[in-house]
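> Predicted model follows, preceded by the sequence.
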Amino acid sequence: MRFRARRFWNFTALVIASLLITLAFEIVDLSLRVPQYYSGWLMIILFATLFAFYLKKRLSIIPMGSSSLWAQWHYYLGLFSLIVFLNHINFSVPAGKLELLMSTLFLLVLASGIGGLLINRHFAKRLSYLSEEIIYERIPGYNLQLKNEVESLITNCVEKSGSTTLADYYIRHLSEYFHRPRFIISHLLGSNYAIERIVAGLQNQMRYLNKEEADYALLLKNCIERKRMLDTHFALQSALKYWGISHAPLALSLMIFISLHMVLVYAFRGAA
Amino acid sequence: MNEILVQRPRRWDQPFDEDMQEQQVLHVLASPHFRNMQPANFPKALQLEDLIRNDCRIRRFDKHQLMVRAGEYLNSAFLILSGKAIMVSPPGIDPGLWGQVSVNKISLGKSIKRWWSRHRLPEVRTSVSALKSNTGRRASDKGRVIIDNVEELIAGASCESETLHSGDFYGESAVLGRNEITNTVIALEPIEVLEIRWQGLREIRKREAGFRDLIDDLYRQRGLSDHLLSVPLFQHLSPHLIKELSKEALFEVHGEFEWQRGFKTISEQANSEADYNKLIESEPLIACEGDSPDGLLLIRNGFGRVSRNINFGHYTLSYLSKGGMFGLDELHAAWLEGKPKPLNCSFRALGYVDAIRIPTQWLEKNIFESESNEALKGVLEESLGSSITMPPEQKTTPVQRELTEFLVENRFINGSAAMVIDLQRCIRCDDCVQACANAHDNNPRFNRHGKSFGRYMIANACMHCEDPVCMIGCPTGAIHRAPGGEVKINDPTCIGCSTCANNCPYDNIRMVEVRDESNQLFKDATHKPILKATKCDLCSEVSGKPACERACPHDALTRLDLKDIAKLSNWVDR
């Protein structure tokens, strides 16, 4: 099935399931039973299923179907849990502090999940447009290699041209650029402004360089471009790698609070 | 890091059969073909006796025991020492009688146990000396199949068969062509067979002219008739016509059998479009666009490029591999119109092509003119319909055309299970790498890196090639075809010579330094590390799809047979 068709059918199923579950809770309510009891347990089952995806990824050795199928279930059950959650809190802001904290946590988990998914789709696409594919773990090595290359280029330039204009400019304005990953936010936002400033700065120096230095400046410009690619890879791949840092701990905290919530509900159910 | 000094593994540390004693060697030396060989033709390091002792084994089969089944990949050729067997040609006996070719899968419990007890250090081995190898296990000990009513079954199946006697070979075509065997062989009486693993066969063939001629003749004869029978166009012909065709058909080999040697250098040097055109022009030309076709070409092995001249360049339309045909359209049109029809495209060998040329006159007389044979007419129409020599715009999408160019340029068409990654969906999470490591004692067996075509990357993972050139030259047979077709390395018998890694045109085999559980590297007396060849084994021991494919949560990774361009473009057009 094509992705577009899959998305359409999954969303259709989600909408239908959401309407049906809301209707079911209404019926439960009309029959003078407590819908929160059912929605609560349904949420626990949903969370357990969502959490199972994490376990499935860790236990890849056990053949439990493809992760892509599990991921689809994870996304759509995650969205479905929002509907169940809204039913659970009766479409209103919870009054208790613990409930408010849990609701906030739930929404944060959901937001980090949706945000992560968007980051995945968008950043992966942007990475594919870069001229070269680079493995994340190798970026520091390439950075170091490039820095050494640039430094030797500048040394050669001084030796060959007998002038230090380009070398001085490099030390004052560019050494920091080659020293570590730069303009992370710009690269994440897809902005070229910062890097264009660096290139323009070097361009403005051209009039002060002698012929040999001008040749070296062109080589330096190529190095700037390469550094731009390395930094873009670093920024985008870091975001892709570490977005889970917000999603997974938040989800784990939510699970802990849910357990506490269950204990409290059952401890005080007589008063309810 | 500490080190353990060990003796460097050598070629014959693990003989093919430890029971091969002096008496058996003498017995083989006195057998047909061997008795005429000259020991002087063999160098001191590779004496004929040593080759027999280490690369051969004697196997015995009971009456009516299945010896080799069609479809299996062999790593050995067989010489009958005594007794009789029957070789059944395709379509052969119903394979359901003996079940499919078995592939040993480990249980779920065992794979969990293996994962749980995986080593934290990379590439840990308990020993580097040759252990009892899997390939050395006697096949007769496992899955012995007896077929009682062989003669009746063969008579009922209306297939060709040949009785093999003492001194006859079988399996030589499959071994030399790196293909699956097309015939089934069953013992007709208690039989004694000499199994020669292909490394040994290669050495003997290289040094003994008489033996080489015999093997090559068999390869040509049997290869030809087997192939003709597997071509749909000829499947409806009578055995008499097939025999006649075998005599008429010409056997041709174009390009180099060991094509991988030059390919790496040439492809690295090609940077511009002009270089690629030069590269194409350097490929051996089999049939030239504009010339009249000199018979129908059937591809038996290897790959060929179908291209057209467009202004100053060459446009790749398609490629042909085993089973492909070239020139049918033009020959048919010429027959219909009664005047010669020039070829629409050129056909060049991509490295190496093993082809059969069917003479035009025979084709016209027995295929085009056989109006009465309805089945044949249907097959002919089908073959003409699927012919690739039609103008590209009528047959393919732009994606297919560009993909074809990329796949042919890099010889990826050789891959039967290439790892293709959609870079627009891959989030570089390395779940695939982790899953691979989990399945292989914490050692990933591929590199998530490789050549890209737009958003698609062919990762550096073993593609389990149709023509596994990595197997050429392995001195111990450590790298071999599993019965299911996967190319695998038997770690204990690998001596770390790097021949396979150097032969692989795609850099998909890695040589690794090995250590023991206490992180001590194994080294030889000269303190050089002991190496082992490692690569993807397609998780063939585990049930289901390969771990990498199962682990990708973003539908970004798949394993594909790159000869199947339609399947690939379907995946691309998701």
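Yep, it's here.
> And the residue of the stretch 101-250 of chain A closest to chain B?
In the stretch 101-250 of chain A, the residue that lies nearest chain B is residue A:128 (3.8 Å; CB to the nearest CB). For every residue, glycine as well, the C-beta is placed using N, CA and C.
> Is it correct that that residue is in contact with residue B:455?
Yes - at 4.7 Å, residue A:128 counts as touching residue B:455 under the criterion of CB atoms under 8 Å.
> Need the overlap of contacts for the two.
Taking CB atoms under 8 Å, 6 or more residues apart in numbering or on different chains as the contact rule, residue A:128 and residue B:455 both touch B:423-424.
> Tell me how chain A divides into domains.
A:3-130+A:248-271, A:136-240 (automatic domain parsing).
> Just send the ones you listed back as a markdown table, with mean neighbour count and mean pLDDT too.
Conversion of the domains of chain A to a markdown table gives the following (neighbours: other CB atoms under 10 Å in any protein chain shown; pLDDT from 0 to 100):
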| stretch | mean neighbour count | mean pLDDT |
| --- | --- | --- |
| domain A:3-130+A:248-271 | 15 | 92 |
| domain A:136-240 | 16 | 94 |
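> Out of the ones you listed, which is closest to residue B:16?
domain A:3-130+A:248-271 (33.3 Å; CB to CB).
> Let me know the helix or strand that the residue of the stretch 101-250 of chain A closest to chain B is in.
Under the criterion of DSSP states H and E, residue A:128 resides in helix A:97-129.
> and chain B, what are its domains?
B:16-94+B:144-244, B:249-387, B:402-572.
> any idea which of those domains is most buried?
Neighbour counts (mean count of other CB atoms under 10 Å in any protein chain shown) averaged over each of the domains of chain B peak at domain B:402-572, with a mean of 21.
> any idea which helix or strand comes after the helix holding residue A:128?
Immediately after helix A:97-129, counting by DSSP H and E, sits helix A:139-161.
> Can you name the residues in contact with that next one?
Residues contacting helix A:139-161 (CB under 8 Å, 6+ apart): A:134, A:164, A:166-167, A:170, A:174, A:178-181, A:209-210, A:212-213, A:216, A:219-220, A:223, A:226-227, A:230, A:233-234, A:237.
> OK, contacts around residue B:49?
Residue B:49 neighbours (CB under 8 Å, 6+ apart): B:25, B:29, B:39.
> how much space between the first one and chain A?
Residue B:25 sits 45 Å away from chain A, going by CB to the nearest CB, to the nearest Å.
> what stretches of the stretch 1-150 of chain B score poorly on pLDDT?
B:1, B:90-104, B:129-143 (pLDDT under 70).
> Spell out which parts of it neighbour chain A.
Applying CB under 8 Å from any CB of the partner chain, one finds that the stretch 1-150 of chain B approaches chain A through B:108, B:111-112, B:114-115.
> again, 6 Å this time
Proximity of the stretch 1-150 of chain B to chain A, by CB under 6 Å from any CB of the partner chain, involves residues B:111, B:115.
> Does anything pack onto the helix holding residue A:128? Which helices or strands?
helix A:67-88, helix A:211-242, helix A:244-267 (3 or more CB pairs under 6 Å, 6 or more residues apart in numbering or on different chains; DSSP states H and E).
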